[in-house]
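> curious how this folds, go ahead:
(one chain, ligands or ions: 2)
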Amino acid sequence: MARIDLQHIRHAYMSNPAGEADYALKEVHHTFEDGGAYALLGPSGCGKTTLLNIISGLLHPSEGRLLFDGNDVTELSTQERNIAQVFQFPVIYDTMTVRENLAFPLRNRGVPEDEVGRKVSEILAMIDLEARADRKARGLTADQKQKISLGRGLVRSDVNAILFDEPLTVIDPHMKWVLRSQLKLLHKQFGYTMVYVTHDQTEALTFAERVVVMYEGEIVQIGTPDELFDRPDHTFVGYFIGSPGMNVVPVTVEGDRARFGQQDIRLPAAPAGGGGALELGIRPEFVSVGTEGMPARIVKVEDIGRQKIVRAELEGHAVAAIVGEDAELPAEPRLSFRTDAISLYADSRRRPYAGEAGGGLS
Ligand code: ADP
Ligand code: MG
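Ligands and ions are numbered 1, 2, ... in the order given. Model prediction:
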């Protein structure tokens with residue numbers, strides 16, 4: 001397995017890109033550590049597949065270099081890079097049996113037959129296709145075929161990295177959970193470098209040690225699930241991670257106070273680089289509803305089991321709060337924000353507080 005360095009990678013699908021907007025992938029400069037389990041998370045069209053295909057070599061980047069363990073592989077083919085990639089839809093040989101499909105990547109590399117047999121049995125058990133091992137792939141269902149595809153990606157243990165591009169889309173929900181747990185286990189056992197693309201936050205947060213959040217062709221934050229929750233570096237991360245997402249409202253900041261309409265909100269500290277017109281972000285988990293604080297109007301209450309989502313209007317803006325299922329909602333409700341859970345944003349990027357280590361990618 002290898003460490004992967006992406007050095008100033010940019011990609012445009014058109015031949016003469018004029019400006020930023022023409023790049024499907026804006027500047028990506030980052031390292032995937034050897035043996036790390038990463039999820040690339042972001043909405044459809046944000047550049048996840050583009051980035052993955054650049055790592056595997058299916059796509060040559062318009063600019064930048066790619067290194068595996070310090071060696072430049074930018075000009076190498078996918079085969080030469082020694083990467084396994086699993087796609088969203090099955091890539092298998094219909095005329096081969098399930099077993100032959102799984103054995104193929106190994107035989108192709110001259111792996112001895114006894115090891116092929118052992119490895120193939122292991123994978124057959126994992127993808128739960130032992131009973132169909134000697135059937136031709138042609139007759140199988142779409143999700144069985146996808147499991148073969150996944151198995152083919154996992155069968156070799158000598159690859160530099162395993163890349164997954166939304167591999168469980170066509171798999172039923174229960175099996176999805178099973179396979180995801182298996183992948184996690186494999187990662188723990190063998191220390192594969194894994195990059196897993198998904199648009200589903202639950203999938204990303206349960207699979208990965210570190211989640212790479214992409215938005216409009218950029219990596220906007222890389223962090224553990226906790227870091228993404230506690231300190232979103234970009235308002236998009238705030239919206240996209242969490243349910244409901246972070247509340248973001250316009251404020252005017254002076255020193256360690258934020259003016260929001262008629263309200264005066266205390267901040268943990270003054271922002272670095274001065275105040276002015278900024279955005280204030282607070283997650284619904286840190287908004288409380290009671291008799292103290294800022295007068296609000298409750299628009300709707302949604303029951304989500306052990307908690308309730310209170311949808312309120314505060315100074316003309318929608319603000320959500322999460323409260324316990326037994327919480328009493330007063331007739332004249334007031335909201336308050338937990339001071340140390342407030343983040344400030346300028347132009348969607350987190351503005352650190354004075355004295356706090358700067359933002360940026362960690
Ligand atoms: P994702 O995998 O996150 O859904 P993609 O990497 O597939 O995103 O696409 C990123 C952007 O590049 C999108 O705007 C998409 O329309 C564009 N794009 C993807 N593939 C091509 C292609 N072969 N030719 C031109 N544009 C493309
Ligand atoms: Mg994609």
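> can we go C-alpha only for contacts and neighbour counts from here?
OK.
> surely Ala346 touches Glu279?
Yes - taking contacts as CA atoms under 8 Å, Ala346 lies within contact range of Glu279: 6.4 Å.
> between these two, tell me which one has more neighbours.
Glu279 (24 against 16; other CA atoms under 10 Å).
> that's a helix at that one, yeah?
No - under DSSP: H, G, I helix; E, B strand; the rest coil, Glu279 falls outside any helix and is assigned strand.
> ok, it - contacts?
If you count contacts by CA atoms under 8 Å, 6 or more residues apart in numbering, Glu279 has them with 248-251, 344-346, 348.
> what does Gly305 give?
Per CA under 8 Å, 6+ apart, neighbours of Gly305: Glu325.
> for it, grab phi and psi.
phi 90, psi -110 (degrees, to the nearest 10).
> mind listing what's buried in the strand or helix carrying Gly64?
For Gly64, the host element (DSSP states H and E) is strand 63-68. Buried residues in strand 63-68, counted by 16 or more other CA atoms under 10 Å: 64-68.
> can you check stretch 136-144 too?
Buried-residue list, stretch 136-144, by 16+ other CA under 10 Å: 136-137, 143-144.
> tell me the one of those residues nearest ligand 1?
Ligand 1 lies nearest to Asp143 out of the buried residues of stretch 136-144, by CA to the nearest ligand atom, at 20.6 Å.
> please name the nearest non-neighbouring residue to that closest one.
Leaving aside its chain neighbours, Asp143 sits nearest to Ile171 (5.1 Å; criterion: CA to CA, 6 or more residues apart in numbering).
> SS state for that neighbour?
Assignment for Ile171 (three-state DSSP): coil.
> over to Leu76?
coil.
> who does the most centrally placed residue in the chain bridge with?
The chain has Leu41 as the residue nearest its centroid, 2.5 Å off, counting by CA atoms, centre = their mean. Per DSSP bridges, the residues bridged to Leu41 are Thr198, Val213.
> correct me, but it touches Val213?
Yes - Leu41 lies in contact with Val213 (CA under 8 Å); the separation is 4.9 Å.
> list the buried residues of the least confident helix or strand in the chain by mean pLDDT.
Between all helices and strands in the chain, the lowest mean by mean pLDDT, DSSP states H and E belongs to helix 173-190, at a mean of 85. With burial defined by 16+ other CA under 10 Å, the residues of helix 173-190 counted as buried are 176, 179-180, 183-184, 187.
> before we move on, the earlier item: I'd like to know which elements the strand holding Gly64 is packed against.
strand 4-11 (3 or more CA pairs under 8 Å, 6 or more residues apart in numbering; DSSP states H and E).
> at 10 Å what do you get?
Strand 63-68 sits against strand 4-11, strand 25-32, helix 48-56, with contacts defined as 3 or more CA pairs under 10 Å, 6 or more residues apart in numbering; DSSP states H and E.
> tell me which of these sits most buried.
Mean neighbour count, computed with mean count of other CA atoms under 10 Å, is highest for helix 48-56 among the helices and strands packed on strand 63-68, reaching a mean of 22.
> how far off strand 63-68 does that helix point, in degrees?
Helix 48-56 and strand 63-68 are oriented at 60 degrees to each other (axes from the mean of the first three to the mean of the last three CA atoms, to 10 degrees).
> chain center to helix 48-56: distance?
Its chain's C-alpha centre and that of helix 48-56 lie 14 Å apart, by CA atoms, centre = their mean, to the nearest Å.
> just want the angle from that helix to strand 25-32.
Using the same axes, to 10 degrees: helix 48-56 against strand 25-32 is 50 degrees.
> just the CA coordinates for helix 48-56, please, in CSV.
This file holds the C-alpha atoms of helix 48-56, laid out as CSV (Å, rounded to 0.1, in the frame of the first residue of the first chain):
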residue,chain,number,x,y,z
LYS,A,48,-15.5,13.0,-6.8
THR,A,49,-15.2,10.7,-9.7
THR,A,50,-12.9,13.1,-11.5
LEU,A,51,-10.5,13.0,-8.6
LEU,A,52,-10.7,9.2,-8.2
ASN,A,53,-10.0,8.6,-11.9
ILE,A,54,-7.0,10.9,-11.7
ILE,A,55,-5.7,8.8,-8.8
SER,A,56,-6.3,5.6,-10.7
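> is ligand 1 contacted by that helix?
Yes - looking at helix 48-56 against ligand 1 by CA under 6 Å from any ligand atom, the contacts come from 48-50.
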